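**Q** build me a structure from this.
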Amino acid sequence: MKYDVIVVGSGISGMRAAIEAKELGANVVLITKSSPSANNSFMAKGGINAAFGNMGDNDNIFQHINETLKSSVDIGNEESIRIFCEQAPAAVRELVGYGVKFSRLESGKLAQRPFGGSKFKRTVYASDETGPAIMKALYEVIKEYEIDIIKNHMAINLIMKNNIISGITLFDEESQKVVVCEGKSIILAMGGFGSLYRNYTSNVKDATGDAIAIGLRAGLKAMNLEFVQFHPTGLEGTNFLLSEAARAEGGKLVDENGDSFVDELNTRDFVTRAIFKEMQKGNKVYLDLRDVPTEVIDTKLVSIKKRVYTLKKLDPSKDLIPVTPVAHYTMGGIQTDVIGKTSIKGLFIIGEAGDNGVNGANRLGGNSLSQGAVFGKISAYEAIKFANKMKKFNGVDYYDITNDIHLVERLEALAKHVDANALRNEIGQIMFEKIGIIRTEADLQSALKRFEEMEESMETMQSDKPSTIKSILELINVLVVAKAVAKSALLREESRGSHFRIDYPEKDRKFKTNTLIGLGDL
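**A** Numbering: from 1, shown residues only. Got it, this is the predicted structure:
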């Protein structure tokens, strides 16, 4: 298999990159770990930010830049943010051209709603099914363009020669073998690591930080992994997210007495900590939609109404909905330049997998989907430029492949006596309790020690619950990333954005910089 451009990951970043590459004439393939819809973009329901100013509130690109910078808490990259905010309106218009049916005003303009951290109604939406509306439309374009799709293949490692990308090794779930895909350029758009917080996350199960682990093994640095955004309103006891759309349409957060205790549309880190403090007091927290007009619930919050009733047998127009914060978005990733380029020539990393500084310490609500669309397009253009310069493929050495073949053979034996599911559940509990909303040095050190023990004990672990090779591959990546997150959180001895250290509760000017972690630091 040989391609000009290899795109790994089928979220909005990956699909948009693959479509752009195809439109520019490249031979392109889209590789997915499981199915094309198993991604967090599909799960994003609330909306997509672009400064159209359609709601009469004088919103503009300058305001979008300002609020994104403010949300980054002084460590966002201003150039990345400027590029993103300037390109977001065009990115949304392109999505409309690809067939996305966004909600509209009577005038025919795109409807927009407020989202957390913003003073403006900037978020374009498709009822409360924005992610599915976008991803279904993009997938139809992928099929229409006859872009090659390789499903159920998990990326293992990059192949390089003289610091130039050559290809990538993949684990084929069907054959249980290692296969190689050669490329003149590669775009990793594999998502973040929210699934490390298993049982406390809104993420799909595939979000195991694979691109970060792969990047670290290739000698790259991970940046700002300590910044994990918790969404304030997960439906208690589930991984279903009660989108910010609910609060944007008038929903209130209340305590057990029905009293409001926080500005619902403040930044997500602020609202999350306010909820967490109530929970620490032993109080339950609820989303109250009872004063939201039924017509609004039935037209703009349809998904929430259906899922809340299915999962909890509650009627949002009559009942309080119990909520709890869940890990939602990871700001940190493999360090890149402003457009996703890495120090490995021909390799680009975008979306949650990479960090170009567009989010800094906290992501502004509604920015993620538009970031994916903007940088997916830009990275594809840059990848094709590089591929065209290459003229021919860089070549793959047999040695590069045999290393991963031997790895899979070893993991096949390991899978027979390692209970990956049990370890993942324990990791999820540790991540939430010790590397979650509120952190301390003691908790972080304890988590790190346990992760190291897990790595050391895998060879000797004896369980009567066998695992799959894929689950062991994921577990290896999860432990690498979990250690890197803990190390990053230890290094940042302050509180900033989504990172809150109770032993260092204030922001410190000397940490107005990025945290960098390499494989040798773990």
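**Q** going by C-alpha atoms from here, please, whenever you check contacts or count neighbours.
**A** Noted.
**Q** Lys465 contacts Asp419, doesn't it?
**A** Yes. Between Lys465 and Asp419 there is a contact under CA atoms under 8 Å: 5.5 Å.
**Q** so between those two, which is more surrounded?
**A** Per other CA atoms under 10 Å, whichever of Lys465 and Asp419 has more neighbours is Asp419, with 21 against 13.
**Q** is it true that the more buried one touches Thr460?
**A** No. Using CA under 8 Å, Asp419 is not in contact with Thr460, being 11.7 Å away.
**Q** gap between the residue nearest to Thr330 when sequence neighbours are not counted and Asn359?
**A** Take Thr330 and drop its neighbours on the chain: the residue closest to it by CA to CA, 6 or more residues apart in numbering is Val228, 4.6 Å away. Counting by CA to CA, to the nearest Å, the gap from Val228 to Asn359 is 11 Å.
**Q** which neighbours do the two share?
**A** Contact criterion CA atoms under 8 Å, 6 or more residues apart in numbering; residues shared by Val228 and Asn359: Met331.
**Q** which element is the residue sitting furthest away from the middle of the chain on?
**A** Distance to the chain centre peaks in the chain at Asn257, reaching 34.9 Å (criterion: CA atoms, centre = their mean). Using DSSP states H and E, Asn257 maps to neither a helix nor a strand.
**Q** only alpha carbons, please: show stretch 57-74 as PDB.
**A** Extracted C-alpha coordinates of stretch 57-74, given in PDB (Å, rounded to 0.1, in the frame of the first residue of the first chain):
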ATOM      1  CA  ASP A  57     -24.400  41.100  19.200                       C
ATOM      2  CA  ASN A  58     -21.500  42.600  17.200                       C
ATOM      3  CA  ASP A  59     -19.400  39.400  17.300                       C
ATOM      4  CA  ASN A  60     -16.400  39.400  15.000                       C
ATOM      5  CA  ILE A  61     -13.100  37.600  14.400                       C
ATOM      6  CA  PHE A  62     -11.300  40.000  16.700                       C
ATOM      7  CA  GLN A  63     -13.600  39.100  19.500                       C
ATOM      8  CA  HIS A  64     -13.200  35.400  18.800                       C
ATOM      9  CA  ILE A  65      -9.400  35.800  18.900                       C
ATOM     10  CA  ASN A  66      -9.600  37.800  22.100                       C
ATOM     11  CA  GLU A  67     -11.800  35.200  23.900                       C
ATOM     12  CA  THR A  68      -9.700  32.200  22.700                       C
ATOM     13  CA  LEU A  69      -6.600  33.900  23.900                       C
ATOM     14  CA  LYS A  70      -8.200  34.700  27.300                       C
ATOM     15  CA  SER A  71      -9.400  31.100  27.600                       C
ATOM     16  CA  SER A  72      -5.800  29.900  27.000                       C
ATOM     17  CA  VAL A  73      -4.700  31.600  30.200                       C
ATOM     18  CA  ASP A  74      -1.600  33.300  28.800                       C
END
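**Q** what is the end-to-end distance of stretch 227-246?
**A** For stretch 227-246, the first-to-last residue distance is 25 Å (CA to CA).
**Q** any idea how far that stretch is from the chain center?
**A** Taking CA atoms, centre = their mean, to the nearest Å, the mean C-alpha location of stretch 227-246 is offset from the chain mean by 14 Å.
**Q** over to stretch 94-112?
**A** The answer for stretch 94-112 is 25 Å, by CA atoms, centre = their mean.
**Q** mean confidence (pLDDT) on it, please.
**A** What stretch 94-112 shows for mean pLDDT is 97.
**Q** what does that stretch contact?
**A** Against stretch 94-112 from outside (CA under 8 Å, 6+ apart): 54-55, 121-127, 130, 133-134, 137-138, 141.
**Q** ok, now stretch 159-179?
**A** Residues outside stretch 159-179 that contact it (CA under 8 Å, 6+ apart) are 152-158, 180-186, 344-347, 393-396, 400-401, 404-405, 408, 469-470.
**Q** same thing with stretch 192-208?
**A** Residues contacting stretch 192-208 (CA under 8 Å, 6+ apart): 33-34, 38-40, 43, 190-191, 209-212, 228, 234, 238-241, 325-330, 333, 351-353, 424-425, 427-429, 431-432, 474, 477-478, 481-482.
**Q** again, 7 Å this time
**A** 38-40, 191, 209, 239-241, 326-330, 352-353, 425, 427-429, 431-432, 474, 478 (CA atoms under 7 Å, 6 or more residues apart in numbering).
**Q** and the longest strand for this protein?
**A** strand 177-188 (DSSP state E).
**Q** so for that strand, mean pLDDT?
**A** 97.
**Q** next, the angle strand 177-188 makes with the helix or strand following that strand.
**A** Heading C-terminal from strand 177-188, the first helix or strand you meet, by DSSP H and E, is helix 210-217. Interaxial angle of helix 210-217 relative to strand 177-188 (axes from the mean of the first three to the mean of the last three CA atoms, to 10 degrees): 90 degrees.
**Q** any residues touching helix 210-217, and which ones?
**A** 156-158, 188, 190, 222, 333-334, 353, 477, 480-481, 518-519.
**Q** tell me the mean pLDDT over that helix?
**A** What helix 210-217 shows for mean pLDDT is 98.
**Q** I'd like to know how far Gly333 sits from Leu516.
**A** 10 Å.
**Q** the more surrounded of these two?
**A** Gly333 (32 against 20).
**Q** what about that one, distance to Gly436?
**A** Separation of Gly333 from Gly436 (CA to CA): 17 Å.
**Q** quick one: low-confidence ranges for this protein?
**A** Scanning the chain for pLDDT under 70 picks out no residues.
**Q** surely Pro232 is within a helix?
**A** No. The assignment for Pro232, made by DSSP: H, G, I helix; E, B strand; the rest coil, is strand rather than a helix.
**Q** let me see the contact set for it.
**A** For Pro232, the contacting residues are 268, 271-272, 324-326, by CA under 7 Å, 6+ apart.
**Q** looking at those, which is nearest Val28?
**A** Here the nearest of the contacts of Pro232 to Val28, counting by CA to CA, is Val326; it sits at 35.5 Å.
**Q** ok, and the closest non-adjacent residue to that closest one?
**A** That would be Thr201: by CA to CA, 6+ apart, it lies 4.6 Å from Val326.
**Q** burial count for that neighbour?
**A** For Thr201, using other CA under 10 Å, the count is 25.
**Q** same question for Lys318.
**A** Counted with other CA under 10 Å, the neighbours of Lys318 add up to 12.
**Q** do I have it right that it meets Val292?
**A** No. Counting by CA atoms under 7 Å, Val292 is not a contact partner of Lys318; they are 10.2 Å apart.
**Q** now the residue nearest to Arg492 when sequence neighbours are not counted, what are its backbone angles?
**A** Ranked by CA to CA, 6+ apart and with sequence neighbours excluded, the top spatial neighbour of Arg492 is Phe511, at 6.8 Å. Main-chain dihedrals, Phe511, degrees, to the nearest 10: phi -100, psi 20.
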